[in-house]
Every structure is written in structure tokens, then in C-alpha cells.
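*Asks:* below are the sequence and a predicted model; questions follow.
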Amino acid sequence: MASLITQGRGGIRAASQRSTEHSGAEPVLQISNLTVSSGNLELVEQVSLAVMPGETLCLVGESGCGKSLTCMSALGLLDEGLTARGSVRLFGTETLGAPERVLNAMRGRDVTMIFQNPMAALNPVKRVGLQIAEAIREHTDLVGGAVDRRVVELLDQVGIPNAARHKTYYPHQLSGGMCQRVMIAMALACRPRLLIADEPTTALDVTIQAQILRLLRDLQDELGLAIVFVTHDLGVVAEIADHVAVMYAGRVVEAGTVDALFEDPRHPYTRALMACRIGFQREPGTPLDAVAGTVPAPSSRPAGCNFAPRCPQVQARCQVEPPLTSTNAGTIACHLFPAQPMVPQ
Ligand SMILES: Nc1ncnc2c1ncn2[C@@H]1O[C@H](COP(=O)(O)OP(=O)(O)OP(=O)(O)O)[C@@H](O)[C@H]1O
């Protein structure tokens, strides 16, 4: 596979520099034909994804495309009133419809999640060290002084200087970037094999964002973590992804390796997203090409292809006939590519 040098916000990275060969390995997460509904309204439709050990899959797309619901389904954390069908296998175990006791055992131990706003996720009236200690006690057999030592070790691991002092701070005494590091330390408390990160850098400024991305990559190399990373930002995708799934209006419309997707984006929506990004090949002063229009709400998705009303290459067929309902078989969900294989996964 050719190595494409891509530029994200934090610098330049050879996107294929890490090996993602997994001969014989089982996916840590395999989602097949996942549909999430609210009553008879389908919010997420027929999503299929796989994440291999030690690799990062980025879910990318505009707001409302179904990225968070896909992640929440993977953790069995859908809001009341929402139902999921299809299959979600975590480490080979089917979790859709699994008893809460099974899900609870997996959450925190094998799979864990971090969110966009660490300040909101942390308890404001508890010292951060105490909050990490609670996560350690809940998910490991450590007790007494060993818990305290592990708190300091985790804070060190996520790059918080003078961990012994900072563990006594309250969240408001730390910056946003430091709080996100604390959240990552809590997430790592149980030595998970899969981390789901829902826009963990969106609320941070660009420099801190780059530091957190670097930290996640380093931790991944050190711990062999698999990561599902949700983002709107293709710069971030270029920085961190091995594989990418592009979502639009509840569906995966294109998926592939990060190199292939950046080198040869095919779905008109992927191409439109690429045209919007600030890349190093863009001449200074060139206006950004916006994707005109907005993502349709689940209640007003069109009869044919969901992207048809915004698509610059729309054909008569797209208005009436949805493209493939599943991206399972290595295909692009677009009538322009009826039988062509999707970029290699
Ligand atoms: N509990 C719910 N009940 C009804 N509709 C919901 C619920 N949660 C999400 N939705 C709808 O499902 C669609 C997908 O939402 P989701 O949050 O997964 O999108 P997203 O791609 O993660 O967006 P964002 O980037 O803004 O977080 C949206 O139209 C959203 O309004």
C-alpha cells in the first residue's frame, strides 16, 4: 500500500506508517447491519464496521449523521426509547440484547469511552485523583496504597507533570487539555482493549488538540489499544486514522484505509468533505468549497439517495432509488459505483 503523507492540524504523519496487518486476528468490534430506531423512525441504518486490535477507525461526517448513536450502540448505552437491531460483537460476544450484567462487565474493563467535554464528564466537587481511584477500585482488584500508586502512574502515563500534586486538584483548577488527560487516565484505569473517543478534541484549542492526538497515538502503540474516534475534522482523521468510515444521514457511504480515502475519495459526499478541508495543497487565500445544504433530519430523509439533494453528480435514478442499503460487501453506497469495490479495507 502506498504511503500517503497527509497533513493534519498538528503536523505531518505518514498515515500508513503503522502496520495494520492482522492475519488471523479477530475484530475487537464488529458491527453488522446495525439499525437504530426511535419508534418507526430509523436514525441509523444498516451500518457495518469492523475494528481490528491496535488500530484506529475514524467515524467522520457532519452533525446528525449517526456517529454518536453508532458508538453508543456499541456500548449498549442507547437512550431509553431507542432500539437497535442487527449485530454488535465486542471481542466476539454479541452485545445487542445482552443482559445489563454482561454489558456492565465489559464497560470499563474491556471497552471504555471518552467524550467531547471533559469538564462536564468529571465531578466538579471531587479531586481528580479520587475520581481516578474510584475507577481503579471499580474495575480492578487493587486496594489501599496500590490504588494510590496506580493513580500517580496513570497521571504520569498521560503526561500530567508532577502527578502526585495534580491528583489533589479539583477539575476547575486544571485546563481543558489537562482535564481531557485526566479523562484518558480514568479510561485507561482498567487497561481496556478498545477506547471509543467521541470528539475528544473538539472543545480544545488546536495546540492542545495536537498534544492529545499524539498522546492517544503513543498510548495506542504502547498498550495495543484499538480506538474508534469520532470527528468532524478531516485534519484529525489524517492524524490518527488507520481506517475511515464516512457517515451521511444515518448510513456509512464509504469506508476504507485512510491512505486510500485521501488519495482517491469516491463517494460525492466524501469528495465534498475533502474539498472543504484546509489542506496544505490549498493555495493561500483560496475560498473553502462548502458542502451546500444540510444533512436531512431522520424524519425528512428523501426517498432515493439521502445525499441526492446536495449531490453535484445527482442522476434521475438517485432521486427515487436508494443506493445499496448495506456497505458490508466492500462497496460504495452510490449509484455512480454500482459494482465497483470500495477502497480496500
Ligand atoms: N435519543 C434520541 N431520540 C431521537 N433522535 C435522536 C436521539 N439521539 C439522536 N437522535 C437523532 O439521531 C440522528 C443521529 O444523531 P447522532 O448524535 O448519532 O449524530 P452525530 O453524527 O453523532 O452528530 P454530532 O456530530 O452532532 O454529535 C440525529 O438526527 C439526532 O437528532
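*Replies:* Happy to help now that I have it.

*Asks:* which positions within stretch 73-90 qualify as buried?
*Replies:* S73, A74, L75, G76, L78, L82, A84, G86, V88, R89, L90 (16 or more other CB atoms under 10 Å). Backbone N, C-alpha and C define where each C-beta goes, glycine included.

*Asks:* residues in contact with the third one?
*Replies:* L75 makes contact with L103, R107, V111, M113, I196 under the criterion CB atoms under 8 Å, 6 or more residues apart in numbering.

*Asks:* and these, which is closest to the ligand?
*Replies:* Ranked by distance to the ligand (CB to the nearest ligand atom), those are led by I196 at 12.0 Å.

*Asks:* circling back to that earlier point, the buried residues of stretch 73-90 also near the ligand: which ones?
*Replies:* L82 (CB under 6 Å from any ligand atom).

*Asks:* need the buried residues of stretch 73-90 in TSV with pLDDT and secondary structure, can you?
*Replies:* As requested, the buried residues of stretch 73-90 are exported to TSV (pLDDT from 0 to 100; DSSP: H, G, I helix; E, B strand; the rest coil):
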residue	pLDDT	secondary structure
S73	94	helix
A74	90	helix
L75	89	coil
G76	89	coil
L78	93	coil
L82	96	strand
A84	96	strand
G86	96	strand
V88	96	strand
R89	95	strand
L90	94	strand
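
*Asks:* in a markdown table, list the buried residues of stretch 73-90 along with distance to V230.
*Replies:* Below are the buried residues of stretch 73-90 laid out as a markdown table (distance: CB to CB, whole Å):
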| residue | distance to V230 |
| --- | --- |
| S73 | 13 |
| A74 | 11 |
| L75 | 13 |
| G76 | 17 |
| L78 | 16 |
| L82 | 18 |
| A84 | 17 |
| G86 | 19 |
| V88 | 16 |
| R89 | 20 |
| L90 | 17 |
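
*Asks:* show me which pair in the buried residues of stretch 73-90 is furthest apart.
*Replies:* Within those, two members stand farthest from each other by CB to CB: L82 and R89, at 19.6 Å.

*Asks:* all strands for the stretch 1-150 of the chain, in order.
*Replies:* For the stretch 1-150 of the chain, the strands defined by DSSP state E, counting those that start in this stretch occupy 5-8, 11-14, 29-38, 41-51, 56-60, 82-90, 93-94, 111-114.

*Asks:* nearest approach to C276 belongs to which of these?
*Replies:* Nearest of the strands of the stretch 1-150 of the chain to C276, taken as CB to CB: strand 56-60 at 11.5 Å.

*Asks:* I'd like the distance from the closest one to the chain centre, please.
*Replies:* Distance of strand 56-60 from its chain centroid, counting by CA atoms, centre = their mean, to the nearest Å, is 5 Å.

*Asks:* what are the pairing partners of it, and which direction each?
*Replies:* strand 226-231 (parallel), strand 243-248 (parallel) (DSSP bridges).

*Asks:* and the angle for the last one with strand 41-51?
*Replies:* The one in question is strand 243-248. 170 degrees (axes from the mean of the first three to the mean of the last three CA atoms, to 10 degrees).

*Asks:* any idea of the mean pLDDT in strand 243-248?
*Replies:* Averaged over strand 243-248, pLDDT sits at 94.

*Asks:* now do the first one
*Replies:* This predicted structure assigns strand 226-231 an average pLDDT of 95.

*Asks:* of all the buried residues of stretch 73-90, which comes closest to the ligand?
*Replies:* The ligand has its nearest neighbour among those in L82, at 5.4 Å by CB to the nearest ligand atom.

*Asks:* which strand residues bridge the closest one?
*Replies:* Using DSSP bridges, the beta-bridge partners of L82 come out as S38.

*Asks:* let's have the chain start at 50 instead
*Replies:* Noted, 50 is the first residue going forward, which turns the last one into L131.

*Asks:* quick one, what contacts it?
*Replies:* L131 makes contact with V85, S86, S87, L92, L118, according to CB under 8 Å, 6+ apart.

*Asks:* please apply the same query to V192.
*Replies:* Listed by CB under 8 Å, 6+ apart, the contact partners of V192 are R186.

*Asks:* need the contact list for the residue nearest the centre of the chain.
*Replies:* By CA atoms, centre = their mean, the chain has its centre lying nearest to F278, at 2.2 Å. For F278, the contact set (CB under 8 Å, 6+ apart) comprises T105, L106, C107, L108, A246, P249, L265, V285, I289, A290.

*Asks:* what's the closest non-adjacent residue to Q362?
*Replies:* Nearest non-adjacent residue to Q362, counting by CB to CB, 6 or more residues apart in numbering: P317, 5.1 Å away.
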